[in-house]
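Q: Structure for the following, please:
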Amino acid sequence: MSKKGKVLMAMSGGIDSTVAALMLHKEGYDVVGITMKTWDYATSVGVTNKKETGCCNLDSFNDARMAAVENGFPHFILDIREEFGDFVIENFVDEYIAGRTPNPCVMCNTHIKWRALLKRADALGCDFIATGHYAQVHQHSNGRYFIRKGIDETKDQSYALWGLQQDLLSRTLLPLGTFHKTAIRQMAHDFGYPELAKKNESYEICFVPDNDYRGFLKRRVEGLEERVDGGNFVDQSGKIIGKHKGYPFYTVGQRKGLEIALGSPAFVTEIIPETNTVVLGSENDLNKTELVVNGINWIKYDGIPDGMEAITKIRYKDKGAMSQLHGDGKSIKVRFFDNVKGVAPGQSAVFYEGEDVIGGGIIQRENQLIK
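A: Here you go, the predicted structure:
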């Protein structure tokens, strides 16, 4: 047994998780590789004669297994399609039907991926679990574990990890958090895997690899297109200005694909599922000064003082904006110092103290604060 301990490493077959596994192996950990199968390509896209892309395909499984075998550590494939589909995909569909814009990667990390890893880590006698995310895990002087941004701002994935509980964080290793992507590409060469550095990275939702979420919804919900087609576009005053193809097929902030001419650029500012209504407005109408966040998970602290100042990010690529956090318990209200644009219910709001994640939650439609 290594003095470093035994670690279960999630390996997708891509450059990041492969290099992370080889780094841990080189550092002296007993590494066990595991690749999780989360979905069926044909089921998601509805095409059986098209080559699979993304992380859940046979080539990726083979690449992960080959790296493990060549470096002398075991590798397993874990089928979690049932638990993944039951929660992540159903949540994805339900959120769009509710007029919100989901973030399935956050849901998967929070409820499925880490829990599945920890369960198998315990079964295999592993001390730690590890992934190829660009983020860091640290322990505060108060004893709590928390997420810190990866040093590569262009690759930082801390936003997607706000939902992890303390029992998960305390056993998580994130080897890539203190490296830039350029260094990881060089390591791939140094480890003898130059072809990994040439692999295309996938940024699509793993179970919607053709990036057509509207088509996915139509296939997933029988009769959806007919049921919601022909709803009203309305302006900010509620005046009907046109017909749309169904509220689930639009997202707040959307400009392209509206297929309506108003003489000036129009943006989706609100979705009202109860009446199949999509509200349009100008870019300025997307501005908000506050939002409500439910389902809070505090990481760095076990709670915060009312009015605490923090940087709040409302989407993955958002730079964040200064804000005050009000309330406690299941919900908080976020008040921004300046306008923020394109607040989309269903997305995550993540709170930062400098580089550190304080916590996060799910953005709600207005006036949905849980007392």
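Q: quick one: D235 and V279 touch, right?
A: Yes: counting by CB atoms under 8 Å, D235 sits close enough to V279 to count as a contact (7.5 Å). In this view, the C-beta of every residue, glycine as well, is placed from N, C-alpha and C.
Q: Name the residues of stretch 62-81 that are buried.
A: By neighbour count, and taking 16 or more other CB atoms under 10 Å as the criterion, the buried residues in stretch 62-81 are D63, A64, R65, A67, A68, N71, F73, H75, F76, L78, I80, R81.
Q: And stretch 222-230, by the same measure?
A: For stretch 222-230, a neighbour-count test (16+ other CB under 10 Å) marks L224, V228 as buried.
Q: Residue numbering should commence at 236 henceforth.
A: Got it, the first residue is 236 from now on, which makes the last one we talked about stretch 457-465.
Q: Please save the CA atoms from that stretch in CSV.
A: What follows is the C-alpha trace of stretch 457-465 in CSV, where atoms were taken according to Å, rounded to 0.1, in the frame of the first residue of the first chain:
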residue,chain,number,x,y,z
GLU,A,457,-44.2,12.9,-26.7
GLY,A,458,-46.5,15.5,-28.3
LEU,A,459,-44.6,18.4,-26.8
GLU,A,460,-44.2,20.3,-30.1
GLU,A,461,-47.9,20.2,-30.9
ARG,A,462,-48.8,21.0,-27.3
VAL,A,463,-46.8,24.2,-27.0
ASP,A,464,-46.7,25.5,-30.6
GLY,A,465,-48.3,28.8,-31.4
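Q: before we move on, back to that, neighbour count winner among D470 and V514?
A: The residue with the greater number of neighbours, taking D470 and V514 and applying other CB atoms under 10 Å, is V514; the counts read 21 against 17.
Q: for the nearest residue to that one once chain neighbours are set aside, what are its contacts?
A: With sequence-adjacent residues excluded and distances taken as CB to CB, 6 or more residues apart in numbering, V514 is closest to E505, at 4.0 Å. For E505, the set of contacting residues under the criterion of CB atoms under 8 Å, 6 or more residues apart in numbering consists of V487, V513, V514.
Q: before we move on, back to that, farthest pair within the buried residues of stretch 297-316?
A: In terms of CB to CB, the buried residues of stretch 297-316 reach their longest pairwise distance at N306 and R316, which sit 27.8 Å apart.
Q: Look at the residue nearest to V514 and give its secondary structure.
A: Of the three states, E505 takes strand according to DSSP: H, G, I helix; E, B strand; the rest coil.
Q: Distance-wise, check it relative to T270.
A: 41 Å (CB to CB, to the nearest Å).
Q: Using the record, which stretches count as separate domains in the protein?
A: The record, using automatic domain parsing to delimit domains, assigns the chain the ranges 241-367+410-433, 464-515, 520-598.
Q: will you turn these into a markdown table that also has mean pLDDT and distance to L404?
A: Formatted as a markdown table, the entries for those read as follows, by pLDDT from 0 to 100; distance: least, CB to CB, whole Å:
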| stretch | mean pLDDT | distance to L404 |
| --- | --- | --- |
| domain 241-367+410-433 | 89 | 9 |
| domain 464-515 | 95 | 31 |
| domain 520-598 | 95 | 7 |
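Q: if you skip the residues just before and after it, what's nearest to I324?
A: Counting by CB to CB, 6+ apart, I324 lies nearest to F442, which is 5.9 Å off, once chain neighbours are set aside.
Q: Could you look up the SS state of the closest residue to I506 other than its chain neighbours?
A: For I506, the nearest residue in space outside its immediate sequence neighbours is G334; the separation is 4.1 Å by CB to CB, 6+ apart. Assigned by three-state DSSP, the conformation of G334 is coil.
Q: so how many other residues sit close to G334?
A: Using other CB under 10 Å, the number of residues around G334 comes to 22.
Q: Looks like it contacts Y482 (just checking).
A: Yes: at 6.0 Å, G334 and Y482 qualify as touching, with contact defined as CB under 8 Å.
Q: residues bridging contact with these two, i.e. touching both?
A: When contacts are counted by CB under 8 Å, 6+ apart, G334 and Y482 are jointly contacted by I506, I507, P508.
Q: Top of these by number of neighbours, please.
A: Ranked by the number of neighbours (other CB under 10 Å), these place I506 first, at 25 neighbours.
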